[in-house]
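Enquirer: quick check, what structure comes out for this input:
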Amino acid sequence: MAYFPIINMEKLNGEERAATMEILKDACENWGFFELLNHGISHELMDTVERLTKGHYNKCLEQRFKDSVATKALEGVQKEITDMDWESTFFLRHLPASNLSEIPDLSDEYRQAMKEFVVKLEKLAELLLDLLCENLGLEKGYLKKAFYGSIGPTFGTKVANYPPCPSPELIKGLRAHTDAGGIILLFQDDQVSGLQLLKDGEWVDVPPMRHSIVVNIGDQLERGTPGGRPDRR
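Expert: Residues are numbered from 1 along each chain as shown. Below is the predicted model:
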């Protein structure tokens with residue numbers, strides 16, 4: 001099994017640009033996933049988002065999850081549950097219209113941090129699309145224009161927590177799936193390795209790295225461009 005592709009974006013600005021673009025090309029064609037370092041989002045902002053996300057879960061969502069049907073579903077179960085996920089989530093919609101002000105229990109500090117984070121993520125996504133255009137021989141902005149369509153892009157954030165499970169042998173945190181979007185940016189916990197992808201018939205761990213952003217090529221982008229990607233994650 002080859003090493004999971006990790007791209008240092010600082011190298012795009014120097015003599016190693018061509019080699020870095022080759023890593024990106026291989027990652028898109030043969031993995032569908034890659035991990036970004038030095039992507040331009042400040043470590044301080046990422047630390048703030050992580051701290052506030054975990055604090056919001058502990059204060060507002062943890063007990064709700066423990067009292068939910070998902071938790072009670074394990075009572076008396078003897079075999080693996082295959083039709084549900086063990087996760088606590090909420091969704092933030094950014095484009096075409098934001099719902100950030102409508103989500104209950106978010107602190108003003110959390111809302112402001114997410115606003116700043118989202119702006120950085122959108123810029124990073126647009127940069128990545130242009131890098132993909134370069135590798136595909138397309139004019140700059142082609143993929144961005146394709147995703148904008150006639151009414152603009154759809155852009156949102158799924159905020160997910162995966163609480164400790166009392167019976168991990170009975171249920172997976174998240175079932176195998178593909179993502180339907182165009183380009184997915186993942187800010188994962190750097191202490192616990194949980195994210196996996198299926199490549200060449202084997203499940204491969206996506207390495208947790210401090211302050212990295214994991215990129216997943218979604219179904220829409222995969223179907224609209226040449227090349228392939230693994231089937232599930």
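Enquirer: host element of F91?
Expert: strand 88-95 (DSSP states H and E).
Enquirer: also K25?
Expert: Assessed by DSSP H and E, K25 sits inside helix 17-30.
Enquirer: angle of the helix or strand following that helix against helix 17-30?
Expert: Following helix 17-30 in sequence order, the next helix or strand is strand 33-37 (DSSP H and E). If you take axes from the mean of the first three to the mean of the last three C-alpha atoms, to 10 degrees, strand 33-37 sits at 150 degrees to helix 17-30.
Enquirer: and the residue most central in space within the chain, bridged to which residues?
Expert: Geometric centre of the chain, nearest residue: L186, 2.3 Å, by C-alpha atoms, centre = their mean. On the basis of DSSP bridges, L186 is bridged to V214.
Enquirer: contact partners of stretch 137-149?
Expert: 126, 129-130, 132-134, 153, 182, 220-221, 224-225 (C-beta atoms under 8 Å, 6 or more residues apart in numbering). (C-beta placed from N, C-alpha, C; glycine too.)
Enquirer: so where is the protein shaky, pLDDT-wise?
Expert: For the chain, the stretches with pLDDT under 70 are 1-2, 223-233.
Enquirer: now do the helices in it.
Expert: Here the chain has its helices, by DSSP state H, at 17-30, 43-56, 62-66, 69-72, 108-136, 142-148, 219-224.
Enquirer: closest one to E10 among these?
Expert: The closest of the helices of the chain to E10 is helix 17-30. By C-beta to C-beta, the value is 9.1 Å.
Enquirer: who are the packing partners of that closest one?
Expert: Where contact means 3 or more C-beta pairs under 8 Å, 6 or more residues apart in numbering; DSSP states H and E, helix 17-30 is packed against strand 6-8, strand 33-37, helix 108-136.
Enquirer: returning to what we had before: wait, which of the helices of the chain is closest to F90?
Expert: Here helix 43-56 is closest among the helices of the chain (C-beta to C-beta), at 9.1 Å.
Enquirer: pretty sure L24 sits against I7.
Expert: Yes. Counting by C-beta atoms under 8 Å, L24 does reach I7; the two are 5.9 Å apart.
Enquirer: which neighbours do the two have in common?
Expert: By C-beta under 8 Å, 6+ apart, the residues touching both L24 and I7 are F34.
Enquirer: any idea how far N38 is from G218?
Expert: 23 Å (C-beta to C-beta, to the nearest Å).
Enquirer: kindly apply the preceding question to D200 instead.
Expert: 29 Å.
Enquirer: quick revisit: just checking: what are the partner strands of the strand holding F91?
Expert: Going by DSSP bridges, the partners of strand 88-95 are strand 155-161 (antiparallel).
Enquirer: quick check: buried residues in the partner strand?
Expert: Neighbour counts over strand 155-161 (16 or more other C-beta atoms under 10 Å) mark 155, 157, 159-161 as buried.
Enquirer: go on, stretch 66-82?
Expert: 70, 81.
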